[in-house]
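Asker: Sequence and predicted structure are below.
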Amino acid sequence: MIEHVPDPARFRPVSTLLRRHAEADPDKIFLQSVEDGRSLTHAETLALCECFAGCFADRGLAPGDRILVLSENGLEQMALLFACLATGVAYCTINVEVNARHIPEMARRLDPRLVVWGSPGDAIDLGREAVSLNALYDDASAHAPATLPEIGEDGVAVIGFTSGTAAAPKGMIHNHGNYFWIADQTIDMWKLGPADRVLEYRSFSWPSTHMLTVMPMLVAGGTIVFARHFSHSRFFDWIADYRPSMAIGVPTVVNMLLDGTGPAPGKGFAGVRFMSSSTAPLMVSQHERFEETYGIELMQLYGMSEGGVVAGNHVGERRIGSVGPPGLYQNLRIVDGDGSPAAPGEVGEIEIGGAQNASAYLLEGGEVVPIRGTRFKTGDLGYLDGDGFLHIAGRAKDVIIRGGVNIAPLEIDNVLTRHADVSEAAAIGVPDPIYGEAVVAYVVPRAGAALTADRVRRHCDELLPEFKRPRDIVVRDSLPKNVSGKIDRAALRAEWGSG
């Protein structure tokens, strides 16, 4: 396999990018909050980062030191994020809503020089120097500016965490180099330029928002339009008022927009080139129905907190049912159980290793385990079709083994959701005394639909071979999901096992 690596001469430090845009288009809005209408231009962002540099120096913070930020989305939080990226101070972030019970352990693991809290409810006593975000922002705004350093590829940019709902969250150390090359991938994938305005509403405490929005817009010189949270009732107003050229999406939002009452096709997304879909699998039927309903394309992609954009559909070249060709520098391959390369069309585990990957894991106790320079399995199954597009078959741990044959749950899910009255579906494997495992399907009816297990069974009989057909079908109001919006099959298996 040929290893694809980026040209290091193309790397640009964040401080260089900020100065470039401030000189080229100083009055252009770079950061725009939809909550209160406040904004920062390119010139204002650069000036504020220079003031933060002076503030950090007076507080004894140097490149490589860590700041832990506990805050929701907001203009002050975004300014602090870019100030950290520009000065080389490591921006350490924890989602206070999702990881609340893990925060003390995570803080000990990070060992930050300073803790910044966004609201009084986030002001947890962690035994470190702490300051409110507003106080730090005001302090920085009043400081004399200082020269921004040029941080190299190996400098630590961000330390983020997985959701960690059941166990201790895994920390990921991202450096400036892999963040820059992730931006390279996203810009290439979505054909982004300075005229683009991206609507983002996911938490900026997730590395995914940095990968798909923060860094690409910084490199391209576009505009970040952001909200504190997604709002179904305000979503189309945001689009009408702030005219984004693209909107970030996740399958949960796709489903909400499909099940709600929205504007007529083509009206609600006026001016939007496309909407993305990531973090969880998107069923083919949902994808097709969304495009038919709203008249814009969905760009599905597949990424990892520690891996960057593993694969993604390109604007104008998207393929429904696929997450697109492998990402730049990922050196992706599909391997069988023995670790040997799988043939085209053959399902195996997805393995990556390249410049987009985080530099290391930060484990409990502060142990640092290098990632960069190694190859690692993602835990996901998939295959590459004849044109090199990646298709996800599900998690390796979720594969159903029936009579020695592997069945990918996502294949069953896609068939189930093709039923006109099925909104969501999830197939799992349960113990079977003869075949080892049997397929059980959980389905959620569309609003107002009179869905029955027998109707779903007849649908499966028409579209699935006998050994893949669900033995049992359970109709329920909703499916359990984790914080990323992915269906929690482990919870369904536990529910089935408990009777």
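Answerer: The structure has been received and is ready for your questions. Numbers count the residues shown, from 1 in each chain.

Asker: pretty sure residue 248 contacts residue 203?
Answerer: No. Residue 248 is beyond contact range of residue 203, at 11.6 Å (criterion: Cβ atoms under 8 Å). For glycine as for every other residue, the C-beta is placed from the backbone atoms N, C-alpha and C.

Asker: where do the contact lists of the two overlap?
Answerer: Counting by Cβ atoms under 8 Å, 6 or more residues apart in numbering, the contacts common to residue 248 and residue 203 are residue 209.

Asker: for residue 220, phi and psi?
Answerer: The phi/psi pair for residue 220 (degrees, to the nearest 10) reads phi -80, psi -20.

Asker: Contacts only, for it.
Answerer: For residue 220, the residues meeting the contact criterion (Cβ under 8 Å, 6+ apart) are 183, 187, 192, 193, 194, 196.

Asker: and those, which two are the farthest apart?
Answerer: Distance extremes for these: the farthest pair is 183 and 194 at 13.7 Å, using Cβ to Cβ.

Asker: circling back to that earlier point, can you flag the buried ones in the contacts of residue 220?
Answerer: Neighbour counting by 16 or more other Cβ atoms under 10 Å classes 183, 187, 192, 196 among the contacts of residue 220 as buried.

Asker: Which members of those are positioned in helices?
Answerer: Cross-referencing those against helices under DSSP state H gives 183, 187.

Asker: Surely residue 114 and residue 61 touch.
Answerer: Yes. Counting by Cβ under 8 Å, residue 61 is a contact partner of residue 114 at 6.7 Å.

Asker: Let me see the domain layout of the protein.
Answerer: 8-393, 399-497 (automatic domain parsing).

Asker: Could I get those domains in CSV, plus columns for mean pLDDT?
Answerer: Output for those, formatted as CSV (pLDDT from 0 to 100):
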stretch, mean pLDDT
domain 8-393, 92
domain 399-497, 91
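
Asker: Give me whichever of the ones you listed is most buried.
Answerer: Comparing the domains of the chain by mean neighbour count (mean count of other Cβ atoms under 10 Å), domain 8-393 ranks first with a mean of 19.

Asker: From the opening residue of that domain to its closing one, how far?
Answerer: Its start and end residues considered, domain 8-393 measures 35 Å (Cα to Cα, to the nearest Å).

Asker: Would you agree residue 368 is in contact with residue 358?
Answerer: No. Using Cβ under 8 Å, residue 368 is not in contact with residue 358; the gap is 11.1 Å.

Asker: Are there residues contacting both of the two? Which ones?
Answerer: Here residue 368 and residue 358 have residue 173 as joint contacts, going by Cβ under 8 Å, 6+ apart.

Asker: Quickly note the distance from the nearest residue to residue 326 once chain neighbours are set aside to residue 287.
Answerer: Leaving aside its chain neighbours, residue 326 sits nearest to residue 332 (3.8 Å; criterion: Cβ to Cβ, 6 or more residues apart in numbering). Computed as Cβ to Cβ, to the nearest Å, the residue 332 to residue 287 distance reads 22 Å.

Asker: Please apply the same query to residue 435.
Answerer: To residue 287, residue 435 is 32 Å away according to Cβ to Cβ.

Asker: Which parts of the stretch 1-150 of the chain are strands?
Answerer: 29-33, 39-41, 66-70, 90-93, 114-117, 130-132 (DSSP state E, counting those that start in this stretch).

Asker: Of these, which is nearest residue 208?
Answerer: Nearest of the strands of the stretch 1-150 of the chain to residue 208, taken as Cβ to Cβ: strand 90-93 at 11.9 Å.

Asker: Each with direction, which strands does the closest one pair with?
Answerer: The pairing partners recorded for strand 90-93 under DSSP bridges are strand 66-70 (parallel), strand 156-161 (parallel).

Asker: Could you provide those in a markdown table, with additional columns for distance to residue 32?
Answerer: Output for these, formatted as a markdown table (distance: least, Cβ to Cβ, whole Å):
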| stretch | distance to residue 32 |
| --- | --- |
| strand 66-70 | 20 |
| strand 156-161 | 22 |
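
Asker: for the ones you listed, which one sits closest to residue 51?
Answerer: With Cβ to Cβ, the closest approach to residue 51 among these belongs to strand 66-70: 15.7 Å.

Asker: just the CA coordinates of that closest one, formatted as CSV?
Answerer: Output in CSV follows, covering the C-alpha atoms of strand 66-70 (Å, rounded to 0.1, in the frame of the first residue of the first chain):
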residue,chain,number,x,y,z
ARG,A,66,-3.1,23.7,29.6
ILE,A,67,-6.3,25.6,30.1
LEU,A,68,-9.4,23.6,31.0
VAL,A,69,-12.6,25.2,29.6
LEU,A,70,-16.0,24.2,31.0
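
Asker: which residues touch that strand?
Answerer: Strand 66-70 has contacts (Cβ under 8 Å, 6+ apart) with 61, 77, 80-81, 84, 89-94, 96, 103, 107, 110-118, 122, 124, 126, 128, 133, 156, 159, 205.

Asker: Go again with 6 Å.
Answerer: For strand 66-70, contacts defined as Cβ atoms under 6 Å, 6 or more residues apart in numbering pick out 89-90, 92-93, 96, 110, 112-117, 122.

Asker: what's the answer for stretch 392-406, then?
Answerer: Here stretch 392-406 has contacts from 323, 347, 349, 379-382, 407-410, 429, 435-437, 439, 467, 489, using Cβ under 6 Å, 6+ apart.

Asker: now the end-to-end length of that stretch.
Answerer: Counting by Cα to Cα, you get 14 Å between the two ends of stretch 392-406.

Asker: that older thread, how about the strands of the stretch 1-150 of the chain in JSON lines, adding distance to residue 280?
Answerer: Listed next are those as JSON lines, based on distance: least, Cβ to Cβ, whole Å:
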{"stretch": "strand 29-33", "distance to residue 280": "27"}
{"stretch": "strand 39-41", "distance to residue 280": "31"}
{"stretch": "strand 66-70", "distance to residue 280": "26"}
{"stretch": "strand 90-93", "distance to residue 280": "21"}
{"stretch": "strand 114-117", "distance to residue 280": "30"}
{"stretch": "strand 130-132", "distance to residue 280": "34"}
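
Asker: of all those strands, which lies closest to residue 283?
Answerer: Closest approach to residue 283 among those (Cβ to Cβ): strand 90-93, 31.1 Å.

Asker: For residue 212, give me phi and psi.
Answerer: Taking degrees, to the nearest 10, you get phi -100, psi -20 for the backbone angles of residue 212.

Asker: The strands of the stretch 1-150 of the chain: which one's closest to residue 23?
Answerer: Closest to residue 23 of the strands of the stretch 1-150 of the chain is strand 39-41 (Cβ to Cβ; 12.3 Å).

Asker: From the contact counts, what lies against that closest one?
Answerer: With contacts defined as 3 or more Cβ pairs under 6 Å, 6 or more residues apart in numbering; DSSP states H and E, strand 39-41 has these neighbours: strand 29-33.

Asker: Name every strand pairing with the strand it packs on and say which way it goes.
Answerer: Strand pairing for strand 29-33, using DSSP bridges, gives strand 39-41 (antiparallel), strand 223-226 (parallel).

Asker: Off-centre distance for the first one?
Answerer: The chain centre lies 25 Å from the centre of strand 39-41; the measure is Cα atoms, centre = their mean, to the nearest Å.

Asker: again, but for stretch 12-32
Answerer: Relative to its parent chain, stretch 12-32 has a centroid offset of 25 Å by Cα atoms, centre = their mean.

Asker: Go through the strands paired with strand 90-93 and name the closest to residue 211.
Answerer: Of all these, strand 156-161 sits nearest to residue 211, with 9.9 Å by Cβ to Cβ.

Asker: Contacts for that closest one next, please.
Answerer: Residues from elsewhere that reach strand 156-161 (Cβ under 6 Å, 6+ apart): 85, 90-93, 169, 171-176, 179, 207.
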